[in-house]
Structure formats: structure tokens, C-alpha cells
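S.K.: I'll drop the sequence and a predicted model, then ask my questions.
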Amino acid sequence: MTVVSVIILVVGVFLTCEARLDWKPNIVIFLADDLGYGDLSVYGHPSQEFGPIDKLAQEGMRFTNCYAAHSFCTPSRAALMTGRLPIRYGFQGGYNVLLPQHFVGLPYNEVTIAEVLKDLGYATGIVGKWHLGINSYSTSDGSFLPHRHGFTDVGTILPASLMWDCDESGKYRHQPNAKRCFLYRNSTIIQQPIQLGKLTSRLLNDAKAFIYNHSREPFFFLYSFPQVHRPMFNDHRFYNVSKRGTYGDQINEMGWAVGQVMDTIATLGLDRKTLVLFVSDHGPHVEACSEGGSPGIFKGGKGNFFEGGLRVPVIARWPRVIEPGRVSTHLLILMDIFPTIVDLVGGRLPNDRMLDGQSFADLLVRNEARTLNEQSFDNSFMLNSARANVHHNPSRMLLFYCSDTITAVRYKEYKIHFQTFKLPPDNFFETNCTEGFPNKDSYMAEFCDQFKPLDVPEIYNVEHDPEEKYPLDAKKYQELMREVDHAIAVHTMTLDAENIMPLLAMNNTHNSVLPCCNPPYCICNYSPPH
């Protein structure tokens, strides 16, 4: 066969595959709240039961070197949704998260994954925790809810977050504080305070309904769990079942919901057309004792910038595209999900703004054993992926801000800290955890002004020393620090500092925007039984 014949044959196969690619993959993201790197069986927890989340990893790909963009909920989730650092749109200020009484939220001019996919013809849906803003000028205007950011089908959501004030058990509160605990459906309050026992079933039913309703068109669905944020709660079927205790019950209930969604996808014959991602928004709240989760071998947790606060479990599953049982050590950050999804569906990234995420589509679909004799939709996707805009850079730098200050960076195998932050002292758990349960709701570092700058940055080789126990001699790493300083200077030039308003500032709150279903009582239950 001549060279020309070979070229014609290859091009013909490519064009044939391209012509037969008449669908777009479905995208499902399971987003856990406060789940630690070491909380899942597949990530090494010795007593957590193996469940449907672990099965995703068994049937797909597990990442061991992925970071959240922040160690608190609001900025981390915003970064995931936009592919951009929170500093770029003002998620900074006195608080680290949006409170229900904030009258600001994710700015309208930020482009979310949902908006990009909606423009490509996707149905877009969400259930669960939002935490990117609620009201702007009244108790019910809903100016910053998901339907304003690209989600066309909004099921049952928690616009803010669970908190101790929502406890129904009587262990931490005599009764729930209704003004801080509420459920919405689309833009309307349906329950205040939240009845936690059936919350998982309610979210799951909405999720299954969305998938059934949109099974004949491409869809993007964000299942944003309230688990494993405090307070702990369970359906009676999962109460006191895990050998790990209450926290293990929460993971098992969350895993059951994952399994139910996966069964629905399989029943509808969508398995091979659906990319599923499971991620956590940041590390565990370790000060919550046995109800706070495990960072694994890492130091720190939610609220600080050691590995335990930032390193998160990430799992990807897509039959016939992602080879089962793979483990990746590539350096990633949750912001990478945005450009990766856009890459995989053949979309275009916004070109009018700086994106901080990088596509890792090549890591997901790379499989050297794959041949052109497989089914056409697999082949054509692989060929498309080879042409995708691959931006993955193994020597990239990840920057971690607390408010408007770079607190730490990850560069190559090194983690560099520019600020100190308190960790629980040795006697903390003995003093504050009665029989494993927290005596109070606390964080060692809840506000950025509690962090203090270091005279000399602390440098750790987190490949050799993932526990960040042994700081390196900074004098021996001056060339490394010159590279870091230069990269930070280049990054800083991309910030439009004059136009960045500190949205999380304390003066951007007012009780007049606290959600309330029937002022002044704020107590109602308009939701149908599940």
C-alpha cells in the first residue's frame, strides 16, 4: 500500500467517525461538602464501608493530586463553576463564605459551566447545596440563585448551607433556627426550617426525575450534596449502621444516592454516553471531632491551606472512554473541570476573560490500547479528543488566596506557604470532643486576618513529605523562589485590581434579605411528602 493510500484511508476513517458522531456526552457532577481526602474506602479509610462512590473509582479513574481552589465552600464552588480564581470576581473580604444575609452573590457577568452547556443545547439541572448567593433586595427576590446562572431545571436546593443552627436532634440546639435553615425549589422557599430526615430522598427524587425527563437530549446535572457538612443527619435506613459511626452513616447515605443515580443512568441506556465526576469542595472540618472527617495522612483541614484543607478526592467514570481502575498523580485543581468539560463537548471557552483552569481531557481519554475497531461513537470521540484544546501543563503553579492575599502556592513538587495559620493544639480534641462529639462549633482559622505573614516562606517537598512535616532550608531554594516570585508577578498583572469589589465584606450584609417564607414568622412547609 502506498503512502498516499495510507493517508487517504486514515483521513477516510476520521471523516467517517466524525460523520457518525451525532450526540454530545451527558455530564454529571457529584459534589460532596467538606469530604476529606481520607474519608472514602477507595482513598484508604480503614473502617469506611466500600460503596457506590468507591465503585465509581473501580470502574473509572481516581486522582490523587487534585486541589480545591480554596478551603471554604463559597470561593471553592465558585472557582469550580467558573474555572477562575475567586479573587477575579471579588469573592474576598471579611468573611470566607456568603452568609444568608449577604445581598451579593456570584456576579452575573461570570460565565458558568451551566451557561456554556446551555448555549450548546444542553438541559442543565441542579439539586442540593448552592452557596453562591440568594437575595439582593428583599426576603424572596432570588437574584443570585442557580436559575440566574445557567440552570434551566432547578430542583430542591439549599441556597446557603447546612449549619449547626439546623440541628434537629437536640444535641447541639434545642430547636432549629428557621431564619438560617431553609429549602427552595427553583426560586421559592418550600420548607423552613429544613426537615433533614427525608432530605436525601427529596434531592434524589428530583435528580432521577431530571434524568428521566431529559434522557433523549444531552444534559448537565450538578448533584451537590449537603453531606458531610454538619449537622449530621440520616434517613432511618442509614442511622447507626456504619461501623465508623455517625459520619460513616452520612457517607453511606450519600453513596446510596450516587448508586441510585447511576442505576437510573444505566436503566435508560445512557451509561456509555455519560461522563460522571465525583469531587469534594475542600478538606474536612477536623475541629468537629468525629463528625469532621479525615484528611488522610495530610496536615490541616477546612479553613487552612495545608494539604488537608486543599487536597480533595476526585473520581471520573465514563465506560469505553476512561479505562477502568486507573490512578492519576497529575497535578490538577477543581477549576480545571470547567475547561475540561468544554473541551470534551466541543465547545468554546470564553475569550474575553482570564481563565485559570486547564483542560485535562487528554488525561481522561488517553488509552493506548484503544483501536479503531471499537464502536464508532468511542472512536470518533477519541479522534475529537486528539484535536481538543489541550492546555495541561505539568509544571504549572497553583495559587491559593485567602481574601486578597496569596497564602500558599503549589509549584512542581513543592508547596510554599507565605502565611502561618493555627492548627488545633495537642489537647484540643481531649478538651473539645466529649466522647468524639464537638462541644462547640469552632474553626482554628475562620477569618483571613487570623493568618500571619512569614518572614521567610516555608517550603515543603510534598511528594517526599506529603504531611508537610519537614520544612526545607529556604537558602538552598533561592532559584526556586525566584521562579515562584516571577510567576506571581506575572499573575498579579492579570488582575484588574481597581474593578475588584470585596463581595464577602461584612458591610455587604443586611437582615432585610434573609429568606423568609411568611414574614415575620419564617416557618412553613409547602413541600409535598416524599
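M.R.: Received, thanks. Numbers count the residues shown, from 1 in each chain.

S.K.: Could you use CA atoms for every contact and neighbour count after this?
M.R.: Noted.

S.K.: Look up the residues forming beta bridges with the residue nearest to residue 151 when sequence neighbours are not counted.
M.R.: Nearest non-adjacent residue to residue 151, counting by C-alpha to C-alpha, 6 or more residues apart in numbering: residue 124, 5.0 Å away. Beta-bridge partners of residue 124, counted by DSSP bridges, are residue 220.

S.K.: my read: residue 124 touches residue 147, true?
M.R.: No. If you go by C-alpha atoms under 8 Å, residue 124 and residue 147 don't touch, sitting 9.7 Å apart.

S.K.: which one of the two has more residues nearby?
M.R.: residue 124 (24 against 18; other C-alpha atoms under 10 Å).

S.K.: got a list of what that one touches?
M.R.: 114, 117-118, 150-153, 219-221 (C-alpha atoms under 8 Å, 6 or more residues apart in numbering).

S.K.: Any regions of this protein where pLDDT drops low?
M.R.: 1-23, 366-394, 497-498, 529-530 (pLDDT under 70).

S.K.: Select the longest strand from it.
M.R.: Ranked by number of residues, the top strand in the chain under DSSP state E is strand 452-461.

S.K.: so how far is that one from its chain's centroid?
M.R.: 27 Å (C-alpha atoms, centre = their mean, to the nearest Å).

S.K.: got any residues that touch both of residue 124 and residue 147?
M.R.: Common neighbours of residue 124 and residue 147 (C-alpha under 8 Å, 6+ apart) are residue 153.

S.K.: circling back to that earlier point, could you single out the nearest of the contacts of residue 124 to residue 159?
M.R.: residue 151 (13.6 Å; C-alpha to C-alpha).

S.K.: isn't that closest one right next to residue 126, touching?
M.R.: Yes. With contact defined as C-alpha under 8 Å, residue 151 counts as touching residue 126 (6.9 Å).

S.K.: Between these two, point out the one with more neighbours.
M.R.: residue 126 (28 against 25).

S.K.: distance between whatever helix or strand that one lives in and the chain's centre?
M.R.: Element membership for residue 126 (DSSP states H and E) is strand 123-129. Strand 123-129 has its C-alpha centroid displaced from the chain centroid by 14 Å (C-alpha atoms, centre = their mean).

S.K.: Repeat that for stretch 262-271.
M.R.: 23 Å.

S.K.: By neighbour count, which bits of it are buried? Give me those.
M.R.: For stretch 262-271, burial by neighbour count (16 or more other C-alpha atoms under 10 Å) applies to 262, 264-265, 270-271.

S.K.: which among those gets closest to residue 528?
M.R.: So of the buried residues of stretch 262-271, ranked by how close each gets to residue 528 (C-alpha to C-alpha), first place is residue 264, at 22.4 Å.

S.K.: so the closest one sits right up against residue 208, yeah?
M.R.: Yes. Using C-alpha under 8 Å, residue 264 makes contact with residue 208 at a distance of 6.7 Å.

S.K.: how close does the nearest residue to residue 188 once chain neighbours are set aside sit to residue 55?
M.R.: Once flanking residues are discounted, residue 188 sits nearest to residue 140: 7.4 Å by C-alpha to C-alpha, 6+ apart. Separation of residue 140 from residue 55 (C-alpha to C-alpha, to the nearest Å): 41 Å.

S.K.: Shouldn't residue 256 be within a helix?
M.R.: Yes. Under DSSP: H, G, I helix; E, B strand; the rest coil, residue 256 falls within a helix.

S.K.: Measure how buried it is and give me the count.
M.R.: 18.

S.K.: Just list the residues touching it, thanks.
M.R.: Counting by C-alpha under 8 Å, 6+ apart, residue 256 has contacts 51-52.

S.K.: Roughly how far does the spatially most central residue of the chain sit from residue 149?
M.R.: For the chain, residue 281 is the residue whose C-alpha lies nearest the centre (C-alpha atoms, centre = their mean; 3.6 Å). Distance, residue 281 to residue 149, by C-alpha to C-alpha: 19 Å.

S.K.: swap in residue 71?
M.R.: 23 Å.

S.K.: Looking at the two, which is more packed in?
M.R.: Under the neighbour definition other C-alpha under 10 Å, residue 71 and residue 149 were set side by side, and residue 71 has more, 30 against 21.

S.K.: how close does that one get to residue 441?
M.R.: 17 Å.

S.K.: Likewise for residue 511?
M.R.: On the measure of C-alpha to C-alpha, residue 511 and residue 441 end up 22 Å apart.

S.K.: swap in residue 90?
M.R.: Residue 90 is 27 Å from residue 441, by C-alpha to C-alpha.

S.K.: try residue 122
M.R.: 41 Å.

S.K.: Looking at the two, which has the bigger crowd around it?
M.R.: Using other C-alpha under 10 Å as the criterion, residue 122 and residue 441 rank with residue 122 on top: 23 against 12.

S.K.: show me the contacts for the more buried one.
M.R.: 217-220.

S.K.: I'd guess residue 76 is in a helix, am I close?
M.R.: Yes. When three-state DSSP is applied, residue 76 is found to be in a helix.

S.K.: 22 is where my numbering starts, stick with that
M.R.: Got it, the first residue is 22 from now on, which makes the last one we talked about residue 97.

S.K.: Tell me how many other residues crowd it.
M.R.: Residue 97: 25 neighbours (other C-alpha under 10 Å).

S.K.: And the strands in the stretch 422-551 of the chain, which stretches?
M.R.: 426-432, 435-441, 454-455, 458-459, 473-482, 545-546 (DSSP state E, counting those that start in this stretch).

S.K.: Redo those as TSV? Include mean neighbour count and distance to residue 263.
M.R.: Shown next, in TSV, are the strands of the stretch 422-551 of the chain (neighbours: other C-alpha atoms under 10 Å; distance: least, C-alpha to C-alpha, whole Å):
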stretch	mean neighbour count	distance to residue 263
strand 426-432	20	36
strand 435-441	20	36
strand 454-455	14	20
strand 458-459	18	16
strand 473-482	16	36
strand 545-546	16	31
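
S.K.: of these, which approaches residue 311 most closely?
M.R.: strand 458-459 (6.1 Å).

S.K.: quick one: strands adjacent to that closest one?
M.R.: Strand 458-459 is paired, per DSSP bridges, with strand 454-455 (antiparallel).

S.K.: contacting residues for residue 301?
M.R.: Counted by C-alpha under 8 Å, 6+ apart, residue 301 has contacts 52-57, 333-335.
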